[in-house]
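Student: Here you go, sequence then predicted model.
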Amino acid sequence: MSSPQSLGSLLLGVNMLPVVPLVGSATANYLSPMREPVPGPPPVSRSARLDGRRRGALSRFFGDTPLRSLVKLALISVLVGWVMESFGWSPADVFYALGDSIHDLWAMGLSALDGLLGYLLLGAAVVVPAFVVLRLLSLRR
């Protein structure tokens, strides 16, 4: 045999076209000949369409239809309310705890800055005079 033959041409006795991968495809398709992609409308994701129409501002805001979003919010609210009731928490307790946490973080941050400022002043007492002396000595040259 002078030219290699494909398995299909050997089994079926049919001369088949050479198989070439599609250009630009992420996974090469070795079962079909090369052809140009057919231009079409850009793909629209499921979340970007609503019953064949573009979504309105309200649906874009909710991320889904308003009714489905309200049902999801109601179910999550019932679950969160049940957990809060189980632990004996009230919404005021949550807000007070949040405020206390912010206050504690602020106090920790300021105390960290206080320590950092002390280190800065201590180091500057040595570094700044040494820098000034070195700059003055380099000006003489």
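Tutor: Structure received. Predicted model only: the values in this text are computed from it and were never measured.
Student: Which strands or helices does whichever strand or helix holds residue 67 pack on?
Tutor: Residue 67 is part of helix 66-87 when elements are defined by DSSP states H and E. Here helix 66-87 touches helix 57-62, going by 3 or more CB pairs under 8 Å, 6 or more residues apart in numbering; DSSP states H and E. To be clear about C-beta, it is placed using only N, CA and C from the backbone, and glycine gets the same treatment.
Student: So which elements touch the helix it packs on?
Tutor: helix 66-87.
Student: which other residues reach the helix it packs on?
Tutor: 58, 59, 62, 63, 64, 90, 91, 94 (CB atoms under 8 Å, 6 or more residues apart in numbering).
Student: how does it look with 6 Å?
Tutor: 58, 62 (CB atoms under 6 Å, 6 or more residues apart in numbering).
Student: which of the residues in it are buried?
Tutor: Buried residues in helix 66-87, counted by 16 or more other CB atoms under 10 Å: none are found.
Student: continuing past it, what's the next helix or strand?
Tutor: helix 91-139.
Student: average pLDDT for that next one?
Tutor: Averaged across helix 91-139, the pLDDT comes to 85.
Student: Helix 91-139 and the helix holding residue 67, what's the angle between them?
Tutor: 90 degrees (axes from the mean of the first three to the mean of the last three CA atoms, to 10 degrees).
Student: Dump helix 66-87 to CSV, restricted to CA.
Tutor: The C-alpha coordinates for helix 66-87 follow below in CSV (Å, rounded to 0.1, in the frame of the first residue of the first chain):
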residue,chain,number,x,y,z
PRO,A,66,-39.7,38.6,41.7
LEU,A,67,-42.1,35.9,42.9
ARG,A,68,-39.4,33.2,43.0
SER,A,69,-37.1,35.6,44.8
LEU,A,70,-39.8,36.4,47.4
VAL,A,71,-40.5,32.7,48.0
LYS,A,72,-36.7,32.0,48.5
LEU,A,73,-36.5,34.9,50.9
ALA,A,74,-39.5,33.7,52.8
LEU,A,75,-38.0,30.2,53.2
ILE,A,76,-34.7,31.5,54.3
SER,A,77,-36.3,33.9,56.7
VAL,A,78,-38.3,31.1,58.3
LEU,A,79,-35.1,29.0,58.7
VAL,A,80,-33.1,31.9,60.2
GLY,A,81,-36.0,32.8,62.5
TRP,A,82,-36.2,29.2,63.8
VAL,A,83,-32.4,29.1,64.5
MET,A,84,-32.5,32.5,66.3
GLU,A,85,-35.5,31.3,68.4
SER,A,86,-33.7,28.1,69.2
PHE,A,87,-30.7,30.1,70.6
